[in-house]
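Novice: Here is the input, now give the coordinates:
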Amino acid sequence: MSNLSSLTKKIVQFRDERDWKQFHNPKDVALSLVLEATEVMEHFQWKNPDEITQYIKKHKNEIGEELADVLYWVLLMAHDLKIDLNSALEKKLIKNAEKYPIEKAKGSHKKYTQLKK
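Specialist: As a prediction, the model looks like this:
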């Protein structure tokens, strides 16, 4: 069993033991995912690069907890929608490699639509 499968199993068990599946429609799970992602963003809001560096040193655990919350909702949504994340990510990496060929994208922050120019 992959690490993602093992984590997903724990998440589903946690949810099901509390009878929360009844509240977990795709819309509300997606909203929860976005809300948790914004909590990650809050750690960095209004900080300059030096402040961010110092902040990370002191708050790595808290940032990790927020990232774990995001992963929780990603894994739960994939489970409920029967999406194989391993396969989806592999396909997405291939697609991104085509959109961002090394010879055009290396060292560039341009979006793929700008790389073709």
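Novice: distance between the longest helix belonging to the chain and the chain's centre?
Specialist: For the chain, the helix with the greatest residue count under DSSP state H is helix 49-80. Counting by C-alpha atoms, centre = their mean, to the nearest Å, helix 49-80 is centred 9 Å from the centre of its parent chain.
Novice: can you check stretch 92-107 too?
Specialist: Worked out by C-alpha atoms, centre = their mean, stretch 92-107 lies 20 Å from the chain centre.
Novice: Give me the neighbour count for D69.
Specialist: 17 (other C-beta atoms under 10 Å). For the C-beta atoms, the positions are set from N, CA and C on the backbone; glycine is no exception.
Novice: Now it: closest residue in space that isn't a chain neighbour?
Specialist: E36 (4.1 Å; C-beta to C-beta, 6 or more residues apart in numbering).
Novice: Could you do R15 as well?
Specialist: K21 (6.0 Å).
Novice: Can you give me the distance of the one you found to I94?
Specialist: 33 Å (C-beta to C-beta, to the nearest Å).
Novice: Can you pull the poorly scored residue ranges out of the protein?
Specialist: 1-2, 117 (pLDDT under 70).
Novice: Domain ranges for it, per the record?
Specialist: Domains of the chain are assigned by automatic domain parsing as 3-83, 84-117.
Novice: Most tightly packed of the ones you listed?
Specialist: Most buried of the domains of the chain by mean neighbour count (mean count of other C-beta atoms under 10 Å) is domain 3-83; its value is a mean of 13.
Novice: ok, which stretches of this protein are strands?
Specialist: Remark: no strands are assigned in the chain by DSSP state E.
Novice: Would you enumerate the residues in contact with the closest residue to H79 other than its chain neighbours?
Specialist: Residue nearest to H79 in three dimensions, not counting chain neighbours: T8, with 5.1 Å by C-beta to C-beta, 6+ apart. Shown in contact with T8 (C-beta atoms under 8 Å, 6 or more residues apart in numbering): 75-76, 78-79.
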